[in-house]
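Novice: give me coordinates for this.
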Amino acid sequence: MSTLDDAIGETVRLLGDVPQIEPRFTRQLAACFEDARDAVGGVRYHIDHQAELPVVDASGRVIAHRRLDIRLLFTQQVGRRGDYLGIECKYTDASDRRTDDDYVGEGVDRIVSGAYAAGHPFAIMVGLERVGPLARTIANIDARLQARYGSDQGLRAASLWRLPMVRESEHPQAGGPHRIVLVHGFWPVTSAATA
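Specialist: Sure, this is the predicted structure:
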């Protein structure tokens with residue numbers, strides 16, 4: 001998660017203090033993520049931007065594709081269909097509640113429904129805050145998660161990740177017995193969001 005933190009910081013530095021359309025930001029983020037990964041060394045993994053994930057019907061026929069913002073493939077996942085670490089990014093704005101609705105409805109729900117990261121132990125959601133304060137956005141998203149999925153599925157502390165802006169939530173995936181942990185990281189992407 002610290003490599004992702006470094007990559008987001010560098011992406012913000014390179015793109016400046018101007019809000020970007022999400023694919024432009026995530027395209028730059030994927031490139032900066034590769035640079036941060038290479039600088040740290042250690043575990044090797046492949047980073048894909050806008051990776052296509054197949055949507056199949058009941059017979060197994062591919063009927064469409066969805067695009068995950070960033071897909072990480074670690075060595076042990078290569079050659080194992082559907083095995084990856086998914087990162088989905090959404091812009092947030094503490095003063096606009098439509099953005100936390102989008103974060104949950106168009107981001108979290110894709111993972112909870114099993115459209116992304118089906119059967120995985122965890123996945124990552126990234127909130128890119130444009131206005132701030134981050135604390136208000138985190139509270140808004142927590143309220144939205146609890147309203148949509150239940151009071152037991154809101155945000156909780158995530159001390160394992162050692163970053164102050166990271167939280168977790170846990171959900172049954174695709175209505176089944178499997179439970180997935182979502183790691184939620186929130187970052188300011190404009191100077192206004194850091195105030």
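
Novice: can you tell me the SS state at the residue lying closest to Glu106 once chain neighbours are set aside?
Specialist: Computed as C-beta to C-beta, 6 or more residues apart in numbering, the closest residue to Glu106 that is not its neighbour in sequence is Lys90, at 6.8 Å. From N, CA and C alone the C-beta is placed, and that goes for glycine too. Three-state assignment for Lys90 (DSSP: H, G, I helix; E, B strand; the rest coil): strand.

Novice: Lys90 touches Asp101, doesn't it?
Specialist: No: counting by C-beta atoms under 8 Å, Lys90 stays clear of Asp101, with 10.2 Å between them.

Novice: more crowded one of those two?
Specialist: Lys90 (20 against 15; other C-beta atoms under 10 Å).

Novice: gap between that one and Asp35?
Specialist: Distance of Lys90 to Asp35, given as C-beta to C-beta, to the nearest Å: 23 Å.

Novice: likewise Tyr91?
Specialist: For Tyr91, the distance to Asp35 - C-beta to C-beta - is 23 Å.

Novice: same question for Ala174.
Specialist: In terms of C-beta to C-beta, Ala174 sits 35 Å off from Asp35.

Novice: do Ile141 as well
Specialist: Counting by C-beta to C-beta, the separation of Ile141 from Asp35 is 29 Å.

Novice: residue boundaries of the strands in this structure?
Specialist: Secondary structure of the chain by DSSP state E: the strands cover 45-56, 62-74, 85-92, 122-129, 156-157, 166-172, 179-188.

Novice: in the third one, what counts as buried?
Specialist: Burial within strand 85-92, assessed by neighbour count using 16 or more other C-beta atoms under 10 Å, is assigned to Leu85, Gly86, Ile87, Glu88, Cys89, Lys90, Tyr91, Thr92.

Novice: and the gap between the closest residue in space to the third one that isn't next to it in sequence and Met125?
Specialist: Taking C-beta to C-beta, 6+ apart as the measure, Ile87 lies nearest to Ile70, with 4.0 Å between them; neighbours along the chain are not counted. In this structure, Ile70 and Met125 are separated by 11 Å, where distance is defined by C-beta to C-beta.
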